[in-house]
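> next comes the sequence, and after it the predicted model I'd like to discuss.
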2 protein chains.
Amino acid sequence: MLLRTPIDLGSAIRDRRRALHLDQNELASQVGVSRKWIIDAEKGKSRAEIGLLLRTLDVLGLRLSLDAGGPIAGQNMVPTVDIDAVLDRARGQP
Amino acid sequence: MLLRTPIDLGSAIRDRRRALHLDQNELASQVGVSRKWIIDAEKGKSRAEIGLLLRTLDVLGLRLSLDAGGPIAGQNMVPTVDIDAVLDRARGQP
DNA sequence: TGATTTTGTAACCGATCGGTGTCATATTGG
DNA sequence: CCAATATGACACCGATCGGTTACAAAATCA
């Protein structure tokens, strides 16, 4: 699943918690946070701490992976060329 | 790349920022945060807000994906069986 | 249906956030 | 070498965090 917003993350947490048949209290105590925090996180709180979120995903058996946005769906097309190398080569041949 | 800790995330942010030849000020203004925040985030601050982090990854053209931990490296082996279905079936045959 | 469990909301609190500004220390370029 | 740029660290501030407690609403189940 692709994560774009905190709401995506919250939904994933809630779905996974339910799939594992855990209530908010169980999850909270396993993660080491209050039930209030779980509620907010599942609502997609944008100011939630990354550390607590990572611990939550770990407890839920969810893995986060990071990679450069592909050219297909990428709204951030980034060239792979090494600009410095290109310039250095250009300067070497005046 | 696999993300386990906020430090992993911070390193990825720094590496990507440098690969794009952005300084901390450039990145900060594009993300809409202070340079102080970029410094802390790259250091792997565990209490950084998820919302700002997601915006940062977006600016850097990095994508986050989430999936259930596989059985190979998984320290959280979770059975796929639907316990409720199993129990319902058991009750159906007394 | 009634009883139990689960979930949502609110107020209060100390702790910590992120922004701003400044200065010192690398690091880079000529 | 010096100058310019980039990075790190610090103090100060208002805003907001997450924890706690309590109560109400909703969902679940016999």
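Sure thing, it's come through.
> alongside chain B, which residues does chain A contribute?
Selection of chain A residues close to chain B by Cβ under 8 Å from any Cβ of the partner chain yields A:1-6, A:9, A:12, A:16, A:20-21, A:45-51, A:53-54, A:57-70, A:74, A:76-78, A:83-84. Where you see a C-beta, it was placed from the backbone N, CA and C, and this is true even at glycine.
> what subset of those residues is buried?
A:3, A:6, A:9, A:12, A:16, A:20, A:45-46, A:48-51, A:53-54, A:57-64, A:66, A:68-69 (16 or more other Cβ atoms under 10 Å in any protein chain shown).
> by contact count, what packs against the lengthiest strand in chain A?
Assignment by DSSP state E gives strand A:62-68 as the longest strand of chain A. In terms of contacts (3 or more Cβ pairs under 8 Å, 6 or more residues apart in numbering or on different chains; DSSP states H and E), strand A:62-68 is packed against helix A:6-19, helix A:50-59, strand B:2-3, helix B:6-19, strand B:62-68.
> model confidence at residue A:69, what's the number?
Looking at residue A:69, its pLDDT reads 72.
> that one contacts residue B:65, doesn't it?
No - contact between residue A:69 and residue B:65 fails when scored by Cβ atoms under 8 Å: they sit 10.9 Å apart.
> stretch A:50-68 close to DNA strand D?
Yes - counting by Cβ under 7 Å from any atom of the strand, DNA strand D has neighbours in stretch A:50-68: residue A:52.
> quick check, that stretch touching DNA strand C?
No - judged by Cβ under 7 Å from any atom of the strand, stretch A:50-68 and DNA strand C are separated, with a smallest distance of 8.3 Å.
> what about that stretch, start to end distance?
20 Å (Cα to Cα, to the nearest Å).
> for the nearest residue to residue A:1 once chain neighbours are set aside, what are its contacts?
Ranked by Cβ to Cβ, 6 or more residues apart in numbering or on different chains and with sequence neighbours excluded, the top spatial neighbour of residue A:1 is residue B:66, at 4.8 Å. Residue B:66 sits next to A:1-3, A:9, A:12, A:57, A:62-65 when contact means Cβ atoms under 8 Å, 6 or more residues apart in numbering or on different chains.
> and for residue A:31?
By Cβ under 8 Å, 6+ apart, residue A:31 lies in contact with A:38, A:52, A:55-56, A:59.
> farthest pair within these?
Based on Cβ to Cβ, the longest span within these runs between A:38 and A:55 and measures 11.6 Å.
> okay, the two: which has more neighbours?
Set side by side, residue A:38 and residue A:55 show more neighbours around residue A:38, with 25 against 17, by other Cβ atoms under 10 Å in any protein chain shown.
> from the chain's centroid, how far away is the host helix or strand of the more buried one?
Using DSSP states H and E, residue A:38 sits within helix A:35-42. In terms of Cα atoms, centre = their mean, to the nearest Å, the centre of helix A:35-42 is set 17 Å apart from its chain centre.
> for stretch A:25-40, same thing?
Taking the mean of its C-alpha atoms, stretch A:25-40 sits 19 Å from the chain's own mean (Cα atoms, centre = their mean).
> I am finished for the moment; much appreciated.
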